[in-house]
Each structure stands twice: as C-alpha cells, then as structure tokens.
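**Student:** only geometry, no sequence info:
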C-alpha cells in the first residue's frame with residue numbers, strides 16, 4: 001500500500017472543488033461528443049439499466065424508499081426519462 005503524504009492530502013483538499021468541476025465537465029464533454037443518435041441511445045439504455053439494477057439491489061435489502069428515489073433520478077439533459085427497462 002502506498003503512503004499518502006500530508007502535503008498530497010492538503011493539495012487534494014484544497015483543490016477538491018476544481019477537480020469535481022473538471023470531472024463534471026469531462027462527463028458532459030463525453031456526452032456532447034457522442035458521434036450519433038445510436039451511440040447516445042446506447043448510453044441512455046445503459047444508464048437506465050444501471051439505475052434499475054441499483055434500485056433492485058437496495059430494494060432487496062428492504063429499502064423501498066431508496067429504491068424509489070433511485071428510480072426517480074434521471075438527468076433531463078439525456079432526454080425524457082424512459083422509465084424502467086423493458
């Protein structure tokens with residue numbers, strides 16, 4: 001295991017907001033750079049299936065409220081919420 005130096009921790013803490021913004025920008029750049037509608041549809045389908053898989057997992061733990069919350073979350077910039085996978 002690699003030891004993290006105090007200076008490195010301080011740098012990460014001081015730059016956390018900028019790093020988060022960079023990550024968000026990178027994510028949206030990926031979304032905006034999709035080559036065609038088929039690629040964007042495949043991304044949405046994967047996000048939809050992932051959301052449902054996570055919801056079923058927590059629902060199986062008896063956490064129906066959290067499962068409902070997971071199912072309710074969808075990024076509107078991805079288009080209309082497709083609901084559960086068919």
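**Tutor:** Thanks, I have the structure now. Bear in mind the structure is a predicted one, so any value in this text is a computation, not a measurement.

**Student:** Help me confirm that residue 84 comes into contact with residue 72.
**Tutor:** No - in this structure residue 84 lies outside contact range of residue 72 using CB atoms under 8 Å: 11.5 Å. Using the backbone N, CA and C atoms, a C-beta is placed for each residue, glycine as well.

**Student:** Below-threshold pLDDT in the protein: ranges please.
**Tutor:** For the chain, the stretches flagged by pLDDT under 70 are 1-4, 19-20, 22-35.

**Student:** Now with 50, please.
**Tutor:** Scanning the chain with the threshold set as pLDDT under 50 gives 1.

**Student:** tell me which strands and helices the longest helix that the chain contains is in contact with?
**Tutor:** Scanning the chain for the longest helix, with DSSP state H as the assignment, gives helix 37-60. Packing partners of helix 37-60 (3 or more CB pairs under 8 Å, 6 or more residues apart in numbering; DSSP states H and E): helix 64-72.

**Student:** got the contact list for the helix it packs on?
**Tutor:** Outside helix 64-72, the residues that touch it by CB atoms under 8 Å, 6 or more residues apart in numbering are 51, 52, 54, 55, 56, 58, 59, 84.

**Student:** which residue sits closest to the residue nearest the centre of the chain, ignoring its sequence neighbours?
**Tutor:** Centre of the chain computed as the mean C-alpha position; nearest residue by CA atoms, centre = their mean is residue 47, 8.0 Å away. Nearest residue to residue 47, sequence neighbours excluded (CB to CB, 6 or more residues apart in numbering): residue 78, at 6.7 Å.

**Student:** are any of the contacts of helix 64-72 buried, and which?
**Tutor:** For the contacts of helix 64-72, a burial check counting by 16 or more other CB atoms under 10 Å picks out 51, 52, 55, 58, 59.

**Student:** Residue 84: what secondary structure?
**Tutor:** Residue 84 carries the three-state label coil when classified by DSSP: H, G, I helix; E, B strand; the rest coil.
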